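Q: Got a predicted structure plus its sequence, pasted below:
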Amino acid sequence: PPVRGRRGRPRRRPDALYADRAYDSAKHREELRNMGIDPQIAQRGEDHGSGLGTIRWVVERTIAWYHGMRRLRIRWERRDDIHEAFLSLATCVICYRHIKTLC
């Protein structure tokens, strides 16, 4: 059965956008606010304890796990469906490794 959610048109924009210090400018922040997105951008000159690093770490760690699979470091496949299949297979292998360490 279909999964129930909120009524109406499905969302197309996120509630917040996380970015690093390279995007710290009034122009970027204002453009995001105009689109109804809360900018969570680290400010230059501040310590790294703002909390944004914990979310960024998850993304970078996941990309590093995928790059552990040699075939996914550089995209050699021309077809999207084959590349997506290798990504799915790599995801299964990564999850299996983590489950194996927990059990």
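A: Received, thanks. Numbers count the residues shown, from 1 in each chain.
Q: And the residue most central in space within the chain, how close does it get to residue 71?
A: With distances taken as C-alpha atoms, centre = their mean, residue 59 lies nearest the centre of the chain, 5.1 Å away. According to C-beta to C-beta, to the nearest Å, residue 59 and residue 71 sit 21 Å apart. Placement of C-beta: from N, CA and C, glycine included.
Q: Tell me where the chain has strands.
A: Here the chain has its strands, by DSSP state E, at 16-19, 38-41.
Q: tell me the domain ranges of this protein?
A: 1-50, 56-102 (the TED database).
Q: In a markdown table, list those along with mean pLDDT.
A: Compiled in a markdown table, the domains of the chain are given as follows (pLDDT from 0 to 100):
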| stretch | mean pLDDT |
| --- | --- |
| domain 1-50 | 80 |
| domain 56-102 | 86 |
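Q: quick check: longest helix of this protein.
A: helix 80-102 (DSSP state H).
Q: what's the closest non-adjacent residue to residue 77?
A: Closest residue to residue 77 apart from its sequence neighbours, by C-beta to C-beta, 6 or more residues apart in numbering: residue 83 at 4.6 Å.
Q: Do I have it right that residue 42 meets residue 21?
A: Yes - here residue 42 reaches residue 21: they are 4.9 Å apart, a contact under C-beta atoms under 8 Å.
Q: Between the two, point out the one with more neighbours.
A: Applying other C-beta atoms under 10 Å to residue 42 and residue 21 shows that residue 42 carries more neighbours, namely 20 against 14.
Q: Any figure for the gap between that one and residue 28?
A: 12 Å.
Q: intersection of neighbour lists for the two?
A: residue 19 (C-beta atoms under 8 Å, 6 or more residues apart in numbering).
Q: dump the residue contacts of the residue lying closest to residue 90 once chain neighbours are set aside.
A: Excluding its sequence neighbours, the residue lying closest to residue 90 (C-beta to C-beta, 6+ apart) is residue 69, at 4.6 Å. Listed by C-beta under 8 Å, 6+ apart, the contact set of residue 69 reads 86, 90, 93.
Q: Reformat those residues as JSON lines; add neighbour count.
A: Output for the contacts of residue 69, formatted as JSON lines (neighbours: other C-beta atoms under 10 Å):
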{"residue": "86", "neighbour count": "16"}
{"residue": "90", "neighbour count": "17"}
{"residue": "93", "neighbour count": "13"}
